[in-house]
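> I need the structure of the sequence given here:
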Amino acid sequence: LAPSHLKKQGTHYDLAIAIGILSLSTGIHAGEDMVFLGELSLDGKINRVKGVLPIVISLHQKGYKKFIVPKANAKEACVVKGVEVYGFENLLELVKFLSGELKKEPESFEIQDWQSYDYDVDFSEVYGQHQAKRAAEIACAGMHHLLLIGSPGAGKSMIAKRLPTIMPPLSFEEAVEISRIYSVAGLLNDDFPLITKRPFRSPHYTASDVALAGGGTNPQPGEISLAHLGILFLDEFPEFSRKAIETLRQPMEDGYITISRSGGRATFPAKFLLVAAMNPCPCGNYGNPYKACTCTPMQIKSYQSRISGPILDRIDLRVWVEPLDKESMITMKPGESSQKIRERVIRAVQIQRERFKNSKTKFNGHMTNEEIKRFCVTTEEAQRHLRLAVERLNLTGRGYTKLLKVARTIADLEGQEKINSTHVAEALQFRVEDKTL
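Numbering: from 1, shown residues only. Next comes the predicted model:
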């Protein structure tokens, strides 16, 4: 198979090889502009294969418009606009089609009303925790990484699991971008092969570094890439292995991850929103006003040090989730609904889309240094606050830019063009390392 210098493996080529042989031996006509994809079983059945969506997108960009694929992959290929897709269940049916004995219309896939917010949970179910909910709103509005710290039962996981209900809707381009990754992993639904909601991935803390990053002889995307443009929730954060946690470093900064294995090298997108939750100590009660902590200072320091400085520095928002007070627990007064919070988030996202319309950047959390200089314009009073923060908190260069990005998102939530001192002050409260961390 040409070109010979490119390594080829997998069953994607089965159908193309079979049609090539049949066109020479029987004279059936297979047009040069046709692309054949599919696994062929011994009984002639054409089986589904992984990665059809990215293959069709790539070949369409090179000018190919007609695709012959397994019936199970037909709707997936139809997601790409401007292509002609024919799906077949067996080789005999395909041969009849190519010889003119069988007439067949191109497959179609209608996408209607797919931007829905149908969730079983809502932020109104979270009582109290105003600061943590405000941090969640900022995180979703600008795609800022979030760390929730608090005692067991304080509501960390409850807040994290409701984040998808306030995330901005996907654009069609974003939905296709996510679906490409899921296609490679073989996780798309045959009947509706488009990811229409932002992913929410929540691997168990026993997950290995390979499970997070991806891998295998033929590199496959891991949890980091499957959370692209969505949320990667890591509960019990310090319980993950050190190697697994440090795997997050590069993708948190660059927005992609490169995997090199014996079978090849692959680069997968990984612009995810990290939401991590952790107890402050082994017993979980350090800083709890209602329960005494039984841990020694050495145990507390050792437990918290499982999260390295470089990882913490990459997290934009750090929030201590205090235990619910008795009054809030007894009255059970509903909080603000997800719909109201989401409306503010969407307004802020629309401001960002207008701001970055000529850039690859989509959210404030992904701004480059040049974009920070251009778009994070501050008032004189805000500038004084920033100078004081740098001097007193010993912020790193990364910490300072994270602070500016968060302040920019807070200003967007309020519809303000310039970042003022109030925005900086609120951003600062999520950077202060209270209670050891």
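
> and this structure, what are its domains?
Residue ranges for the domains of the chain, per automatic domain parsing: 14-99, 123-338.

> how far does the longest one sit from the chain's center?
Mean C-alpha position of domain 123-338 versus that of the full chain (CA atoms, centre = their mean, to the nearest Å) differs by 10 Å.

> and for the shortest one?
Using CA atoms, centre = their mean, the mean C-alpha position of domain 14-99 is found 31 Å from that of the whole chain.

> is Ile245 within a helix or a strand, and which one?
helix 242-246 (DSSP states H and E).

> in that helix, what counts as buried?
244-245 (16 or more other CB atoms under 10 Å). Heads up, the C-betas are built off the backbone N, CA and C, glycines and all.

> contacts for whichever helix or strand comes after that helix, please.
Downstream of helix 242-246, the first helix or strand assigned by DSSP H and E is helix 249-254. Defining contact as CB atoms under 8 Å, 6 or more residues apart in numbering, one finds that helix 249-254 is touched by 145, 224, 257, 270, 272, 274, 310-311, 314.

> list only buried entries from these.
Using 16+ other CB under 10 Å, the buried ones in the contacts of helix 249-254 are 145, 224, 257, 270, 272, 274, 311, 314.

> Phe240 reaches Leu234, doesn't it?
Yes - if you go by CB atoms under 8 Å, Phe240 and Leu234 touch, sitting 6.3 Å apart.

> what packs against the helix holding Ile245?
helix 209-213 (3 or more CB pairs under 8 Å, 6 or more residues apart in numbering; DSSP states H and E).

> and the next helix or strand past the helix it packs on?
Next along the chain from helix 209-213, counting by DSSP H and E, comes strand 214-215.

> ok, and what's touching that next one?
Residues outside strand 214-215 that contact it (CB under 8 Å, 6+ apart) are 220-222, 224-225, 257, 259, 261, 266, 268.

> switch the cut-off to 6 Å
220-222, 225, 259 (CB atoms under 6 Å, 6 or more residues apart in numbering).

> find the residue at the geometric middle of this structure.
His228 (2.5 Å; CA atoms, centre = their mean).

> roughly how far does it sit from Gly186?
Distance, His228 to Gly186, using CB to CB, to the nearest Å: 16 Å.

> mind listing what's buried in the least confident helix or strand in the chain by mean pLDDT?
One helix or strand of the chain scores below all others by mean pLDDT, DSSP states H and E: helix 326-331, with a mean of 72. For helix 326-331, a neighbour-count test (16+ other CB under 10 Å) marks nothing as buried.

> which other helices and strands contact the helix or strand just after that helix?
Once the chain leaves helix 326-331, the next helix or strand it forms, by DSSP H and E, is helix 338-355. Here helix 338-355 touches helix 130-142, helix 397-413, going by 3 or more CB pairs under 6 Å, 6 or more residues apart in numbering; DSSP states H and E.

> ok so, going back, now, the contacts of strand 214-215 that are in strands?
The members of the contacts of strand 214-215 that map onto strands under DSSP state E are 220-221, 259.

> which among the residues you listed gets closest to Lys50?
Among these, Gln220 lies closest to Lys50 (CB to CB), at 8.7 Å.

> contact partners for the closest one?
185, 214.

> try it again with 10 Å
Remark: with contacts taken as CB atoms under 10 Å, 6 or more residues apart in numbering, Gln220 is in contact with 50, 181, 184-186, 210, 214, 226, 259, 261, 266, 268.

> need the pLDDT of it.
The model reports Gln220 with a pLDDT of 90.

> how close does it sit to Val184?
7 Å.

> what do those two both touch?
Common neighbours of Gln220 and Val184 (CB under 10 Å, 6+ apart) are 50, 214, 226, 266, 268.

> once you drop chain neighbours, what's closest to the second one?
Spatial nearest neighbour of Gly214, excluding adjacent residues (CB to CB, 6 or more residues apart in numbering): Gly222 at 3.3 Å.

> next one: the first one
In space, Lys50 comes closest to Gly186 once its chain neighbours are excluded; the distance is 4.2 Å by CB to CB, 6+ apart.

> just the endpoints, please. Distance across stretch 36-45?
One end of stretch 36-45 sits 14 Å from the other (CA to CA, to the nearest Å).

> thinking again about what came up before, may I have the least confident helix or strand of the chain exported as CSV, CA atoms only?
C-alpha atoms of helix 326-331 as CSV (Å, rounded to 0.1, in the frame of the first residue of the first chain):
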residue,chain,number,x,y,z
LYS,A,326,-27.2,24.6,61.0
GLU,A,327,-29.7,27.3,59.9
SER,A,328,-29.2,26.7,56.2
MET,A,329,-29.4,23.0,56.8
ILE,A,330,-32.7,23.1,58.6
THR,A,331,-34.5,25.8,56.5
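
> run through who's touching stretch 332-342.
Contacts for stretch 332-342 (CB under 10 Å, 6+ apart): 117, 119, 121-130, 133-134, 136-137, 140-141, 162-169, 327-328, 343-345, 349.

> for that stretch, how far is the first residue from the last?
The first-to-last residue distance of stretch 332-342 comes to 22 Å (CA to CA).
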